[in-house]
Structures are given as C-alpha cells and as structure tokens.
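Visitor: model the structure of this input:
(chains A and B)
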Amino acid sequence: SQTIHQWPATLVQPVGSPLSLECTVEGTSNPNLYWYRQAAGRGLQLLFYSVGIGQISSEVPQNLSASRPQDRQFILSSKKLLLSDSGFYLCAWSVLLKGGRGYTFGSGTRLTVV
Amino acid sequence: TQLLEQSPQFLSIQEGENLTVYCNSSSVFSSLQWYRQEPGEGPVLLVTVVTGGEVKKLKRLTFQFGDARKDSSLHITAAQPGDTGLYLCAGALGGGSNYKLTFGKGTLLTVNP
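Guide: Below is the predicted model:
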C-alpha cells in the first residue's frame, strides 16, 4: 500500500535556528511531491513542489528551501527561522485515482518559532 | 487575492440539519476537489469532480461542479457530529507533471449533538 510519513509531529524552535522537516513516501515511484503551509487563516499555501529527484519549484519567495535527494524523500529546510515561519507544515503527493487526481497528505508538523 | 473563495467561513448547526457550503472562483479549473480536515491532521480527500455540471454523491454528501467549472458546492443531509471539521475545496490549474492544487481557506463546520 501507499503511505506517506512526515516527522516530527511537533517542533518548537528559537528564532534564528535551522530547520529540517522530512517527508518520505512508500509504495510508489516517481511521485509528484509538495510542501504546503497552513497558517492561522486556515488556507493551505503551496510552498514547493517537485516532479523528480533534484527538481524543485518554488511558489513563494521566503526563508525556506526544499530538496529532493531521493525519489521518495522530500525535505524542507531553513538556515535561520523567523517568527513568521510558524505554522502547520504538510507534505503531500499526488496520485492518479479513479475519477481524477488527488492528494494524499501526511499528518503534518506543527512548528512554533519562539 | 484569494483564487478560491469559500463560504461561509464558519457554520455551526444542530444534528439532523442540512447544510450547503460553496466554493467560487473566476478561474476555470481542470478539476476540483473537496477535502475534510480534523484538528492536528492532514486533509483527507473526499471527492474529485472533473466534468462541468457533474454531481457526485458520497453517502449523505452531495458534490456539484458548476457548468463552467468555476465553482462547486457541497451539500450535507442530516448532519451528524462526526461531520465536524474543516472542509476545503481545491482547484487544479495544471495537468500532467505540473499538477498542483490551489486551496480555499475552508469552511469550519461544527455539528452540535
């Protein structure tokens, strides 16, 4: 079966510290992978997406970066966190389902920058 | 500017009532999806609609895609406390390898017993 793992579940980091969030998928190959952030306004903002190893597209200029070192691994990073980086970070991959494509999301990482 | 507008933002109803939430845009989407999200969890896909005018039913939930593929609605019949959650619509603006979704801000539904 196809699964997506995201960790850690919660993280509290001081301003100026680095960040590394990891996402891995199982049961598929060459997936499209995505990082979203969900802030207090509740909407999901697309941060990065990747269609293959080493291929990263950035949607929003910001303090974050992403990398895809392996086919089923997607990493979100920052060298120095800002208070505004706080939020709920979600990794997802798109799958071809009956009736169209859909996203399968990980369980998310709640990041609080203090 | 929010590409997808969802209304209402908040909805609190009693168990057994019916409700409709809306998702509107000025853009045409190749497909539109509805997700439900519970606190502290990732969104879970409920349905994908692809064809203008399409209607899909999932038990007590009815989803409709507008004829022009710019809007959608979700109707819940006889709501139950288990329906409580954040309902998100999302539109697909690309296809193939560039497939990505744009999300609305969601409708936070509370069904009181």
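
Visitor: which residue sits closest to residue B:30, ignoring its sequence neighbours?
Guide: Excluding the flanking residues, the one nearest residue B:30 by Cβ to Cβ, 6 or more residues apart in numbering or on different chains is residue B:92, at 5.0 Å. Backbone N, C-alpha and C define where each C-beta goes, glycine included.

Visitor: kindly report the same for residue B:109.
Guide: Among residues not flanking residue B:109 along the chain, residue B:11 sits closest, at 5.0 Å (Cβ to Cβ, 6+ apart).

Visitor: from the middle of its chain, how far away would the helix or strand harbouring residue B:34 be?
Guide: Counting by DSSP states H and E, the element that carries residue B:34 is strand B:31-37. Put simply, strand B:31-37 sits 5 Å off its chain's centre (Cα atoms, centre = their mean, to the nearest Å).

Visitor: on that earlier part again, OK, contacts around the residue nearest to residue B:109?
Guide: Taking Cβ atoms under 8 Å, 6 or more residues apart in numbering or on different chains, we find residue B:11 in contact with B:19, B:21, B:107, B:108, B:109, B:110.

Visitor: continuing past whatever helix or strand it lives in, what's the next helix or strand?
Guide: Using DSSP H and E, residue B:11 maps to strand B:10-14. As assigned by DSSP H and E, the chain's next helix or strand after strand B:10-14 is strand B:19-24.

Visitor: list the buried residues in that following strand.
Guide: Of all the residues in strand B:19-24, those buried under the rule 16 or more other Cβ atoms under 10 Å in any protein chain shown are B:19, B:21, B:23.

Visitor: pick the one among those residues closest to residue A:37.
Guide: When these are compared for distance to residue A:37 (Cβ to Cβ), residue B:23 comes out closest, at 20.6 Å.

Visitor: surely the closest one and residue B:8 touch.
Guide: No: counting by Cβ atoms under 8 Å, residue B:23 sits too far from residue B:8 to count as a contact (11.6 Å).

Visitor: do you know how far residue B:13 is from residue B:39?
Guide: Counting by Cβ to Cβ, to the nearest Å, the separation of residue B:13 from residue B:39 is 19 Å.

Visitor: between the two, which is the more surrounded one?
Guide: residue B:13 (16 against 8; other Cβ atoms under 10 Å in any protein chain shown).

Visitor: thinking that one is in contact with residue B:80, fair?
Guide: No: Residue B:13 lies out of contact with residue B:80 (Cβ under 8 Å); the separation is 10.6 Å.

Visitor: mutual contacts of those two, please.
Guide: Counting by Cβ under 8 Å, 6+ apart, the common neighbours of residue B:13 and residue B:80 are residue B:111.

Visitor: give me phi/psi at the closest residue to chain B within chain A?
Guide: Residue of chain A nearest chain B, by Cβ to the nearest Cβ: residue A:105 (3.1 Å). Here is the backbone geometry of residue A:105 (degrees, to the nearest 10): phi -100, psi 150.

Visitor: could you do residue B:61 as well?
Guide: Backbone torsions for residue B:61, taken as degrees, to the nearest 10, come to phi -100, psi 130.
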